[in-house]
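Novice: model this:
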Amino acid sequence: MKKLTVLNQVVSSNTLTLSVLVCSALSSTVFAHDIVPATAQSNSIIFKNATVHTVIDGVKHNTNLFIQDGFIKAIGPEISAPEALIFDASNKHIYPGLIALDTSMGLVEVEMMRPSNDSYDIGLSNPQLEAITAFNPDSEIIPTVRVNGITHAQVVPQGERLAGQSALVSMDSWTIEDALVPSTMGFHLYWPKQGALPQDEKKREKQLKQHRKDLKQLATIFEEGYRYSLASKAKKLSKQDIRWQSMLPLYQGDAQLFVHANRQKQIEEAVSLAKQYGFKLVIVGGYDAWRLCELLNEIEAKVIYTKTLSLPMRKDEPLEMSFKIPALLKQANIPFALGFTSDWNSRNLPLAAGQTVAYGLSKEEALQSITLDAAKILGAESMGALAPGYAANLVISGGDILDPMMTKIEKVYIDGREVDLNNRQQQLYQKYLKR
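Specialist: Residues are numbered from 1 along each chain as shown. Alright, predicted model coming up:
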């Protein structure tokens, strides 16, 4: 694992902005799996007689899928490619690779060991920090997650306020450069929480005062960034600051602001901020987002809902409330995808999506929420669906991928490369069978 710290430097305008990276490596092999990444696809493949879940064109039964050079070339009952290898997929299901949103994949190895947790840094304003620089493509957790059909993950920094920038990564790579997948730049802001107000007036006022202070700190951060962007646009910068320099794409409309917020008041305050500066807004968490459909749709905000397997946030809500919210978001026409805030536990993403089917979403909508909709929110083109021109990110299963009892995932392909599904848990299982 790598430990990354970026030291802010303010330098004159005629000097390059420097990011000082201080890295230290942990020598323990506990933090590196021994699964060799797959080589680039060299042979064309036709999967014959499969049930293909295209996501964008329905479910096609007893059909063929042709992949070549890492991309899907054709889908249909009659495909001719004499040079292609033939894989009999009779009675098999082919799904797009799943995309796990809001994860700390590759940033955390053992949660209780601080040296193996690179998910956050100190300070309230760290927009210049990039999660990808601390990503460990050799994490033992990665093989245990992709065996559940997850081929890509959004790696997200954590923090108190403005935590840094996320990245979309492949779940099979040698290096950081190999792992990184082009996507829209995203900054992550953790909105101040305000719990239930106490009845005691002094305690109530103290809590409200603290919340006002937190909001004022946020306002100052974004106002300073805005002034810097105006000066940059007018070419009147007297000095460069890597914090505000990194945020220029956000003010220019080329990046998204991911605001981690669940309660209605938090979301309303976040929308107010987005309106003020014209930010492209994505709400992460989004428990109360369905209550604010008009407000969110007004600014074309999106939602990454992460509370599917959580308990209700209020005592007077029905027990199944968390399961129903994706259907409520769908009814409110709010663009959304499902996420799972975790590292190793993000393997439960397909289970979370399957749970929504029992509470209002169709199977096709639930699958779309963890594939194509996730890709759209991240601005990742040619991902999340099975169609000609899309990347050959495939999951071949003997059963329903949204049902853990029936899934039976047999093969996973990333960009047409067959990924080794061996992992530490399976190795230990085989080891203790021999005891």
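
Novice: figure out the helix or strand that the spatially most central residue of the chain lives in.
Specialist: In the chain, the C-alpha nearest the mean C-alpha coordinate belongs to L101, at 2.2 Å (Cα atoms, centre = their mean). Assigned by DSSP states H and E, L101 belongs to strand 98-103.

Novice: and the residue nearest to the residue nearest to the centre of the chain when sequence neighbours are not counted, how far from Q68?
Specialist: Closest residue in space to L101, ignoring its immediate chain neighbours: G339 at 3.4 Å, by Cβ to Cβ, 6 or more residues apart in numbering. For every residue, glycine as well, the C-beta is placed using N, CA and C. Distance of G339 to Q68, given as Cβ to Cβ, to the nearest Å: 32 Å.

Novice: elements contacting the lengthiest helix in the chain?
Specialist: Longest helix of the chain, by residue count under DSSP state H: helix 201-233. Using 3 or more Cβ pairs under 8 Å, 6 or more residues apart in numbering; DSSP states H and E, the elements in contact with helix 201-233 are helix 242-246, helix 248-251, helix 264-277.

Novice: mean neighbour count and mean pLDDT for those - can I get that in a markdown table?
Specialist: Below are the helices and strands packed on helix 201-233 laid out as a markdown table (neighbours: other Cβ atoms under 10 Å; pLDDT from 0 to 100):
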| stretch | mean neighbour count | mean pLDDT |
| --- | --- | --- |
| helix 242-246 | 21 | 95 |
| helix 248-251 | 19 | 97 |
| helix 264-277 | 17 | 96 |
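
Novice: would TSV of the ones you listed with distance to I46 be doable?
Specialist: Below are these laid out as TSV (distance: least, Cβ to Cβ, whole Å):
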stretch	distance to I46
helix 242-246	46
helix 248-251	42
helix 264-277	47
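
Novice: how near is L349 to D102?
Specialist: Note on L349: its distance to D102, by Cβ to Cβ, is 10 Å.

Novice: mind checking which of the two has more residues around it?
Specialist: Remark: of L349 and D102, L349 carries more neighbours, 29 against 25, as counted by other Cβ atoms under 10 Å.

Novice: in what helix or strand does that one lie?
Specialist: According to DSSP H and E, L349 maps onto helix 349-357.

Novice: what does A163 give?
Specialist: In the assignment (DSSP H and E), A163 maps to strand 162-165.

Novice: quick one: average confidence on that strand?
Specialist: Over the span of strand 162-165, the pLDDT mean works out to 96.

Novice: just checking, what packs against it?
Specialist: The helices and strands touching strand 162-165, judged by 3+ Cβ pairs under 8 Å, 6+ apart, are strand 185-190.

Novice: neighbouring contacts of the strand it packs on?
Specialist: With contacts defined as Cβ atoms under 8 Å, 6 or more residues apart in numbering, strand 185-190 is touched by 127, 154, 156-166, 218, 247, 249-250, 254-260, 270, 282, 284, 378.

Novice: can you list the strands that it pairs with?
Specialist: In the sheet, strand 185-190 lines up against strand 162-165 (antiparallel), strand 255-261 (parallel) (DSSP bridges).

Novice: in CSV, list the ones you listed along with distance to T184 and mean neighbour count.
Specialist: Below are those laid out as CSV (distance: least, Cβ to Cβ, whole Å; neighbours: other Cβ atoms under 10 Å):
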stretch, distance to T184, mean neighbour count
strand 162-165, 11, 26
strand 255-261, 6, 24
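
Novice: any chance of CSV for the ones you listed, columns distance to G278?
Specialist: Below are the strands paired with strand 185-190 laid out as CSV (distance: least, Cβ to Cβ, whole Å):
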stretch, distance to G278
strand 162-165, 17
strand 255-261, 10
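
Novice: nearest to I334, of these?
Specialist: strand 255-261 (14.2 Å; Cβ to Cβ).

Novice: what's next to that closest one, contact-wise?
Specialist: Against strand 255-261 from outside (Cβ under 8 Å, 6+ apart): 156, 166, 184-191, 249-250, 267, 269-270, 273-274, 279-286, 304, 379.

Novice: circling back to that earlier point, and the average pLDDT for the helix holding L349 is what?
Specialist: For helix 349-357, the mean pLDDT works out to 96.

Novice: quick one, what contacts G164?
Specialist: Neighbouring residues of G164 by Cβ under 8 Å, 6+ apart: D121, N126, P127, Q128, L129, E130, A131, P157, F187, H188.

Novice: got the phi/psi numbers for the third one?
Specialist: Which is P127. In terms of degrees, to the nearest 10, the main-chain angles of P127 are phi -70, psi -20.

Novice: again, but for the one 10 residues further on
Specialist: Its backbone dihedrals place P137 at phi -70, psi -10, with angles given as degrees, to the nearest 10.

Novice: I figured it hits L180, correct?
Specialist: No: using Cβ atoms under 8 Å, P137 makes no contact with L180, being 9.9 Å away.

Novice: more crowded one of those two?
Specialist: Neighbour totals were compared for P137 and L180, and P137 leads with 21 against 17 (other Cβ under 10 Å).

Novice: now for the more buried one: which residues touch it?
Specialist: Neighbour list for P137: G106, V169, S173, W174, T175, I176, D178, A179 [criterion: Cβ under 8 Å, 6+ apart].

Novice: next, format these as JSON lines and append secondary structure, neighbour count and distance to P77.
Specialist: Output for the contacts of P137, formatted as JSON lines (DSSP: H, G, I helix; E, B strand; the rest coil; neighbours: other Cβ atoms under 10 Å; distance: Cβ to Cβ, whole Å):
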{"residue": "G106", "secondary structure": "coil", "neighbour count": "28", "distance to P77": "40"}
{"residue": "V169", "secondary structure": "strand", "neighbour count": "26", "distance to P77": "36"}
{"residue": "S173", "secondary structure": "coil", "neighbour count": "20", "distance to P77": "35"}
{"residue": "W174", "secondary structure": "coil", "neighbour count": "11", "distance to P77": "38"}
{"residue": "T175", "secondary structure": "coil", "neighbour count": "11", "distance to P77": "41"}
{"residue": "I176", "secondary structure": "helix", "neighbour count": "17", "distance to P77": "42"}
{"residue": "D178", "secondary structure": "helix", "neighbour count": "13", "distance to P77": "36"}
{"residue": "A179", "secondary structure": "helix", "neighbour count": "24", "distance to P77": "36"}
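
Novice: of those, closest to A358?
Specialist: If you rank those by distance to A358 using Cβ to Cβ, V169 comes first, at 31.1 Å.

Novice: I'd guessed that closest one sits against P182; true?
Specialist: No: contact criterion Cβ under 8 Å: V169 and P182 do not qualify, at 11.3 Å.

Novice: just to revisit the earlier point, check which helices and strands the strand holding L101 sits against.
Specialist: Counting contacts by 3+ Cβ pairs under 8 Å, 6+ apart, strand 98-103 is packed against strand 150-155, strand 336-338, helix 349-357, helix 372-378.

Novice: same thing but at 7 Å, please
Specialist: If contacts are counted by 3 or more Cβ pairs under 7 Å, 6 or more residues apart in numbering; DSSP states H and E, strand 98-103 sits against strand 150-155, helix 349-357, helix 372-378.
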